[in-house]
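Chemist: just coords:
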């Protein structure tokens, strides 16, 4: 069986945006116009196809990324609709890791919002070519020019409109396409299937004034000049006064988009069914196929040798498992992005990360939570497979006999925890089975047993993230639990240097266990601002081979990292410390890796006790939108929560406050903000960094956590 579409006709894209910008509504319209759906669902009614979880339908938000496939102009488009809420940013991260292109959706009223910046920078991280789509131009207060300016000033200076909205006062009538110089008027039916196409250079078009025509002419000239900066062929035609055709512009803009030097900006209103067909055209015209994307680097296991994986089905199979999902009918599904080769149903594959051989029992093309059986998975495609029961997100799945390790996906650390207790013995047994399945789906959930209280601590990215987990435990898996109040995930670090020894010298049966480690710990960075990109414990060895043989160093490091899971102030994780092994001793007879692991752990703990430790707290980037008359109340309230105001900007009668606030001060903030603004202000938050807790507050936290 051969693939159904050639590689150059495939598009693997994601829809990414700030919460409530309209991603799922755009996806719903794409599926309708491409013929996959015969009726458009709505997010606000809980009928959207891609929001299939009951929690998504109830809340009107996307929680988990959902995959689907549609077809347009002889192209196959694989789409992943991602969440916009910051608590579920892991879904965006792992989707962008395996996608070739993205459509970034912006609200026509708000322009660039905090999570817009986050997802944009995630796309930058993976060098994802993208389109920008300014949505919701039907809403009162929508301003396309404002939205474009925020994209250019905050995200990408080389963003430029290839479309302009046709406005009649507050009414959004359609779109002027600057590439073909035509107007698309959506006035014939509410579903937006039919529309009028007019050449604005030659015709009088309803709703388009002479000023708008001149504006479109000016923008088209600017677009050509922008493209000509990078394309010599376009520049030569422009300077010679020759006509630059639609095909010329499409070819040049595609090339610039693929290199990430240019971002085309489109416009429309998904809810009012306007402009979506033109967006699908742009996806086909400008976003990459799998063969347009540079090959990815892989590592040969047990060596430092690198290997380039290119999209070619004649090569050995190599794929990345980027998401797991528990399906009530099929069991565990693993989503794979295939980079090379092909695999058939029933074939055995190797999980390079675990070293295990597993069998592909089913291959499924997903449509949200529904599926179609396939016989094979080819290079450049995205599918779900059944049978990989021991595979985690980020594992490399390859052909037997061809072990290559693809780059894993980095996941953010959770910043908030809750304590849960099963209500009955049956609930306790079910909880032990269920939690690993949920953590397998979402690696940003962490689990820990509190040795002192016996409670199970669940950590996540925020209140909503944890709320969804508890809701799923109760409703999907019928596990009843008592839930404690949310608590902040503090961390510890040190602000001075300290040295200590760790010695293990025991007699166990006929054999001894001996390990002796000397080490020094020191701060790794300026502790007033611990960057979220800097991470964990930094390890160095300056001891001699006569003091500690090199083959014991990994064991010492493992002991240090294990000990760093619990600091001396509050028992929270210790980070941003440099550990230098300075010396020690060993026994040719009694030394072992276990002995040096324990000795390393003892030495690190002893050094921590000698050093001056401080507490770190998660700081959130907060963005508040408020009517001007409540600005004073909002700022006073934020100041009372130890907040820092960075910027206050204007948009008509609305004030936009951007600043930072400790996570511990935000519990119940939604209710309080409604109170101080009579329900008219709104906010969004995302994690920014860890920062030192003020000493007077730190003392209170430490006493409380120690039970004083």
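Modeler: In hand now; what should we look at? Since the structure is predicted, the reported quantities are computational estimates derived from the model, not experimental observations.

Chemist: Residue 95 sits in which helix or strand?
Modeler: Residue 95 belongs to helix 89-98 when assigned by DSSP states H and E.

Chemist: helices or strands up against that helix?
Modeler: Applying 3 or more C-beta pairs under 8 Å, 6 or more residues apart in numbering; DSSP states H and E, we find helix 89-98 packed against strand 10-17, helix 114-125, strand 318-327. For glycine as for every other residue, the C-beta is placed from the backbone atoms N, C-alpha and C.

Chemist: make it 6 Å
Modeler: helix 114-125, strand 318-327 (3 or more C-beta pairs under 6 Å, 6 or more residues apart in numbering; DSSP states H and E).

Chemist: distance between the helix or strand following that helix and the chain's centre?
Modeler: Downstream of helix 89-98, the first helix or strand assigned by DSSP H and E is strand 101-107. How far strand 101-107 lies from its chain's middle: 14 Å, per C-alpha atoms, centre = their mean, to the nearest Å.

Chemist: Tell me what angle strand 101-107 forms with helix 89-98.
Modeler: 140 degrees (axes from the mean of the first three to the mean of the last three C-alpha atoms, to 10 degrees).

Chemist: What ranges in the stretch 351-500 of the chain fall below the confidence cut-off?
Modeler: Applying pLDDT under 70 to the stretch 351-500 of the chain picks out residues 450-454.

Chemist: So in terms of bridging, what pairs with residue 492?
Modeler: Per DSSP bridges, the residues bridged to residue 492 are residue 574, residue 615.

Chemist: That one: what's it in contact with?
Modeler: Shown in contact with residue 492 (C-beta atoms under 6 Å, 6 or more residues apart in numbering): 567, 569, 572, 574, 613.

Chemist: Check the spacing between the residue nearest to the first one when sequence neighbours are not counted and residue 18 real quick.
Modeler: Taking C-beta to C-beta, 6 or more residues apart in numbering, and ignoring the residues beside it in sequence, residue 567 has residue 492 as its nearest neighbour in space, at 3.4 Å. Between residue 492 and residue 18 the computed distance is 33 Å (C-beta to C-beta, to the nearest Å).

Chemist: what's the answer for residue 513, then?
Modeler: As judged by C-beta to C-beta, residue 513 and residue 18 stand 56 Å apart.

Chemist: sorry, back to before: contacting residues around the helix holding residue 95?
Modeler: Taking C-beta under 6 Å, 6+ apart as the rule, helix 89-98 contacts 14, 16, 65, 80, 82-83, 119, 122-123, 126, 128, 320, 322-323, 337, 409, 411, 444.

Chemist: Pull out the buried residues from those residues.
Modeler: By neighbour count, with 16 or more other C-beta atoms under 10 Å, these hold 14, 16, 65, 80, 82-83, 119, 122-123, 128, 320, 322-323, 337, 409, 411, 444 as buried.

Chemist: After the helix or strand of the chain with the lowest mean pLDDT, which helix or strand is next? Please name it.
Modeler: When the helices and strands of the chain are compared on mean pLDDT, DSSP states H and E, helix 54-59 comes out lowest with a mean of 62. Going down the chain from helix 54-59, the next helix or strand is strand 66-72, by DSSP H and E.

Chemist: neighbouring strands for that next one, and are they parallel or not?
Modeler: strand 75-81 (antiparallel).

Chemist: what does the partner strand rub up against?
Modeler: Here strand 75-81 makes contact (C-beta under 6 Å, 6+ apart) with 5, 9-15, 23-24, 27, 50, 65-70, 95, 284, 382.

Chemist: One more: stretch 400-415?
Modeler: 90, 94, 97, 298-299, 301, 307, 316, 318, 320, 348, 350, 352, 394, 396, 398, 443-444, 446, 459-461, 489, 618, 663, 687.

Chemist: still on that earlier bit, when residue 513 and residue 18 are compared, which one has more neighbours?
Modeler: Neighbours around residue 513 and residue 18, counted as other C-beta atoms under 10 Å, are more numerous at residue 18. The numbers are 28 against 18.

Chemist: Backbone dihedrals for that one, please?
Modeler: With angles defined as degrees, to the nearest 10, residue 18 sits at phi -70, psi 150.

Chemist: how much space is there between residue 703 and residue 642?
Modeler: From residue 703 to residue 642 the distance is 19 Å (C-beta to C-beta).

Chemist: Am I right that residue 14 is in contact with residue 103?
Modeler: No. Residue 14 is not in contact with residue 103 according to C-beta atoms under 6 Å; the separation is 7.5 Å.

Chemist: Quick one: the helices in the stretch 451-600 of the chain, in order.
Modeler: According to DSSP state H, counting those that start in this stretch, the stretch 451-600 of the chain carries its helices in the segments 463-475, 553-563, 593-610.

Chemist: Appreciated, that's everything.
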